[in-house]
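[1] predicted model follows, preceded by the sequence.
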Amino acid sequence: MHRRTVLALGASLAVFPFASRGAAATLYTPGSAEAAMDAGKTVLLDFWASWCSTCAAQERVLAALKSENPAYEQNIVFFIVDWDEHGKGELSRTLKIPRRSTLVALKGRQELGRIVAGTSKADIKALLDLALASA
């Protein structure tokens with residue numbers, strides 16, 4: 001295999017995990033989710049790691065639910081928080097996030113609910129419905 005091919009493949013694989021999360025999901029940078037919360041928006045924070053199989057299972061459920069109900073993406077701001085980069089950051093500490101594979105729904109700064117390491121479609125749908133009802 002040529003070096004260019006290997007480099008191009010590596011670069012595409014590095015971006016791939018975020019590609020499946022949909023255009024409406026935003027990769028978290030410090031201050032981005034906080035700004036949305038301070039603006040009173042309904043937010044879903046997805047504390048995620050590329051190597052986490054539970055995170056991958058949650059992603060499949062989130063993608064299915066978003067495709068079934070476009071109102072989720074129309075009314076909820078989705079943020080992907082890279083656990084390896086921000087797991088010990090201010091946002092994680094403030095919200096007392098115990099581990100990756102944690103989903104947190106908020107209306108402004110008010111927590112509506114969370115799921116830690118859960119992959120049940122019914123549970124994740126209930127969290128999204130709760131967030132949608134507050135939007």
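    Noted; the coordinates are in hand. On a predicted model such as this, the values are computed, not experimentally measured, just so you know.
[2] tell me which element the residue nearest the centre of the chain is part of?
    When CA atoms, centre = their mean is applied to the chain, the residue found nearest the centroid is residue 46 (2.6 Å). For residue 46, the host element (DSSP states H and E) is strand 42-48.
[3] name the strands paired with that strand and say parallel or antiparallel.
    Strands that pair with strand 42-48, judged by DSSP bridges, come out as strand 77-82 (parallel), strand 102-107 (antiparallel).
[4] what mean pLDDT does it have?
    Strand 42-48 shows a mean pLDDT of 98.
[5] mind checking how far that strand is from the chain centre?
    Remark: strand 42-48 is offset 4 Å from the chain centroid, using CA atoms, centre = their mean, to the nearest Å.
[6] then stretch 45-58?
    Per CA atoms, centre = their mean, the centroid offset for stretch 45-58 relative to its chain is 8 Å.
[7] what residues does that stretch touch?
    Here stretch 45-58 makes contact (CB atoms under 8 Å, 6 or more residues apart in numbering) with 17, 21, 25, 28, 33, 59, 62, 78-84, 87, 91-92, 95, 97, 99-106, 115, 117-119, 124. C-beta: built from backbone N, CA, C; applies to glycine.
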